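[1] here is my input; please provide its structure:
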Amino acid sequence: MPSYNGRIAIVGVAESDYGRVPNMTEMQLHAQALQRGLDDSGLRKGDIDGVFCSSHTLGMPTVMLCEYLQIFPRYSDSTSIGGSSFEAHLNHAVGAIRMGKCEVALISYASTQLSSRGRMLGTGGRPATIPEATYESPYGNTLVGAYAMAARRHMYQYGTTSEQLAEIAVVTRRHAGLNPLAMYREPITVQDVLNSRMIADPLHLLDCCVVSDGGGAVLVTTEERARDLKQVPI
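    Numbers count the residues shown, from 1 in each chain. Here you go, the predicted structure:
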């Protein structure tokens, strides 16, 4: 494909069932979110020629996902930088479309972290699969523990306070209150956050993100292609 100089549009967005979904696998959540995204956009699965995916459990996320969904992309990207992977994927999808590497990009994520938790040993320890982890795993550092060290460094460098960090949780809960399907909708205050039990100093229970099952799909394409689809493009 030649390069593309026009605007890029988000044309479909969907979520799978979420919260606690013990009867579905990670791949099934991907598939459900994709099908709902296709229904939302008016695209067909065969239109997808770019796939962007990150996973904590799949060794080769895009390869395994495409095999399961029977998608045959010309371009794929499994950049993994934690929770911000999908913002990066959106930017990468825009770049790939502009360079003519694909025309319709799928960005997908799914997890069964909540329902799988009871089938896993430990409460957050990760296998030492990278060299740096060999220095942490023996001491039982958890994911929240790693973020706690980053938070402590931020406090040291910028003077950030626990009260300021708590504001993040308060605003996030306020947004959740607008979603009838959110797991927790009751408003909380900064003091509620500070009074919740300490998990990894300086992070309290209510500073930590909610663990859930679920998935999501975003479909991205050219402005010209978007004009013929169901939704007003973003």
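[2] mind checking the pLDDT average for the longest strand out of those in the chain?
    Determined from DSSP state E, the single longest strand within the chain is strand 213-222. Average pLDDT, strand 213-222: 96.
[3] over to stretch 175-186?
    Mean predicted confidence for stretch 175-186 is 94.
[4] using PDB, write out every CA atom in that stretch.
    Output of stretch 175-186 as PDB, limited to C-alpha atoms (Å, rounded to 0.1, in the frame of the first residue of the first chain):
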ATOM      1  CA  HIS A 175     -15.700   8.500  37.000                       C
ATOM      2  CA  ALA A 176     -16.600   4.900  37.900                       C
ATOM      3  CA  GLY A 177     -19.800   6.200  39.500                       C
ATOM      4  CA  LEU A 178     -21.000   7.300  36.000                       C
ATOM      5  CA  ASN A 179     -20.700   3.700  34.700                       C
ATOM      6  CA  PRO A 180     -23.600   1.400  35.700                       C
ATOM      7  CA  LEU A 181     -21.300  -1.700  35.100                       C
ATOM      8  CA  ALA A 182     -18.400  -0.500  37.200                       C
ATOM      9  CA  MET A 183     -17.300  -2.800  40.000                       C
ATOM     10  CA  TYR A 184     -17.200  -0.100  42.600                       C
ATOM     11  CA  ARG A 185     -19.400   3.100  42.300                       C
ATOM     12  CA  GLU A 186     -19.700   4.500  45.800                       C
END
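[5] list the buried ones in it?
    A176 (16 or more other C-beta atoms under 10 Å). In this view, the C-beta of every residue, glycine as well, is placed from N, C-alpha and C.
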